[in-house]
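okay, sequence plus prediction incoming.
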Amino acid sequence: MCVHGSFPYANPFTLPGMNQLVYRRRGMTLIELMIVLSITAIMVGFAAPSVFMARDSASRRSARQELAGAFAATRAAALQKGKIATLTLTSSSATVSVLSGIAGTAVTVLGPIQFNTSLLATIEPLNGAPATISYNARGMLTPTPASTQRYQVSVGYLRDTLCISPAGIILPRGCQL
């Protein structure tokens, strides 16, 4: 009765009354493949902007932290060496140097930190803030500015501001103590 195991018919791919063979399909048809690819493309299209936004946001945050670190390193170098330390900013980099020795030659202690190559960020002094910032041996900005100094970090269209008090202290977000 049964040639193929427990299947009651001679050929497991035909039923009684069927004159044609039913072939087993393997793989996917071109239409099915196109539908799967279209759905995948739509899902990637929805996910890509949020992935790029997260990347830019992380880059902006890192650039702000790097800039804050450069300010802190400048202040620490001035306090440690007991000499004037200078932070020089360009739109794409930051360099910390300190006066050293009797002749007062400038020695680079940090940098240049390249904001544009690793983080795709730019730095811009706002409201007349200087691009060259000096700390004296007591860790105070010299000359002492009349107001808070603001520096803008930009990555794409995302922006963040780093504020430095007249005393040379890095202020929290919102620029208030």
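Nice, thanks for sending it over.

chain center to the helix or strand where L67 lies: distance?
In the assignment (DSSP states H and E), L67 maps to helix 30-81. Here the centre of helix 30-81 is set off from its chain's centre by 4 Å, with Cα atoms, centre = their mean, to the nearest Å.

show me what the helix or strand that comes right after that helix is packed against.
Downstream of helix 30-81, the next assigned helix or strand under DSSP H and E is strand 85-89. Packing partners of strand 85-89 (3 or more Cβ pairs under 8 Å, 6 or more residues apart in numbering; DSSP states H and E): helix 30-81, strand 93-100, strand 132-135. Any C-beta I mention is one placed from the backbone N, CA and C, and that applies to glycine too.

any idea how far E124 is from S154?
7 Å (Cβ to Cβ, to the nearest Å).

flag the shaky bits of the chain, pLDDT-wise.
Scanning the chain for pLDDT under 70 picks out the ranges 1-25, 104, 177.

next, format the helices and strands packed on strand 85-89 as a markdown table and append mean neighbour count and distance to L119.
Shown next, in a markdown table, are these (neighbours: other Cβ atoms under 10 Å; distance: least, Cβ to Cβ, whole Å):
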| stretch | mean neighbour count | distance to L119 |
| --- | --- | --- |
| helix 30-81 | 15 | 5 |
| strand 93-100 | 20 | 11 |
| strand 132-135 | 20 | 20 |
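
ok, L120 to F52 distance?
From L120 to F52 the distance is 11 Å (Cβ to Cβ).

revised request: answer the last question for M28.
According to Cβ to Cβ, M28 stands 31 Å off from F52.

do the same with L141
To F52, L141 is 37 Å away according to Cβ to Cβ.
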